[in-house]
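1. Provided below for reference: sequence and predicted model.
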Amino acid sequence: MAICSLFLAGLLISFIYGDATIKETETLGYNLKDSSSSNSRCSVCRHGRDGLNGRDGMNGRDGVNGIDGCDGMPGKQGVQGPPGKDGLQGSTGKDGKDLLASQWKDCVWNQINDNKDKGLVRECSFKKKYATTYLRISVSSNGRVYGCSGCCKRWFVTIDNKECAPAPIDFSHYRADAKTDDDVGQFLLKGNCRIPKTGSVKIGFHIGNCHGIGDADGYTGYKQVTRIMIEEIAPPQA
């Protein structure tokens, strides 16, 4: 009965105010149907409660790997770390080959003024360290030939009283006419000689006659220094 009363009230209001009232009534939730229908009725609707949350779904498939990103900017230099511990001591190395140290000797005489025509002028001893090395010998002095024509004197070096072979270390001074001309000439004897021994070696500085020419008046070391320089050197290249 209450529903029918509401329906009749709606018709009366619709008649008085027109369609606007009917629309407002529909908005409030009343369902008005044609009154001529025998099955017409009115019902009031209201919102239901929220349902319960559903169950969690299944995990999806793994996605495809993405593209590699760009290299980042270089980082700042880090702080220097503390010194590391000392490493283990290495094994003892093999003995190395002997290196040739420079060995030399200089024998010097001032103004020897030696007037002999033949023989040993001066001698210098040297202690040789290696059997395979050579000796480099230099002799500087002066000399003259006097009182003759076509005459010659020879100054030369000996090692243990023998000249160096195959080539001697020597100097020859020839004069075409030296009867009245008493000229003194400066000279330097220099050469390398193989001496296959160790220990003491005697280096001699001599004067004598030239090959194939007779005796003449000779003189050595007039008013100057006479020097014998000896140096032990490595063998030459092959």
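-> Structure's in. What do you need? Since we're looking at a predicted model, the values are computed, not measured.
2. going forward, measure contacts and count neighbours with C-alpha atoms only.
-> Fine.
3. pull the helix or strand with minimum mean pLDDT from the protein.
-> Using mean pLDDT, DSSP states H and E, helix 19-27 stands out as the lowest-scoring helix or strand of the chain, at a mean of 43.
4. after that one comes which helix or strand?
-> Note on helix 19-27: by DSSP states H and E, the next helix or strand toward the C-terminus is strand 103-110.
5. Gly218 sits in which helix or strand?
-> Going by DSSP H and E, Gly218 is in strand 217-220.
6. so which other helices or strands are in contact with the next helix or strand along the chain from that strand?
-> The C-terminal neighbour of strand 217-220 among helices and strands, as given by DSSP H and E, is strand 225-233. With contacts taken as 3 or more C-alpha pairs under 8 Å, 6 or more residues apart in numbering; DSSP states H and E, strand 225-233 sits against strand 103-110, strand 119-128, strand 134-146.
7. just the ones you listed: most buried one?
-> strand 134-146 (a mean of 21; mean count of other C-alpha atoms under 10 Å).
8. next, the buried residues of the helix or strand following that one.
-> Using DSSP H and E, the helix or strand that follows strand 134-146 towards the C-terminus is strand 149-159. Across strand 149-159, burial judged by 16 or more other C-alpha atoms under 10 Å covers Cys151, Cys152, Lys153, Arg154, Trp155, Phe156, Val157, Thr158, Ile159.
9. same question, stretch 207-214
-> Using 16+ other C-alpha under 10 Å as the test for burial, stretch 207-214 gives Ile207, Gly208, Asn209, Cys210.
10. dump those to TSV, plus secondary structure, distance to Gly87 and pLDDT.
-> Below are the buried residues of stretch 207-214 laid out as TSV (DSSP: H, G, I helix; E, B strand; the rest coil; distance: C-alpha to C-alpha, whole Å; pLDDT from 0 to 100):
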residue	secondary structure	distance to Gly87	pLDDT
Ile207	strand	67	98
Gly208	strand	70	98
Asn209	strand	72	97
Cys210	coil	72	96
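11. closest to Gly60 out of the residues you listed?
-> Ile207 (115.6 Å; C-alpha to C-alpha).
12. could you measure from that closest one over to Asn53?
-> Distance, Ile207 to Asn53, by C-alpha to C-alpha, to the nearest Å: 131 Å.
13. alright, calling it a day.
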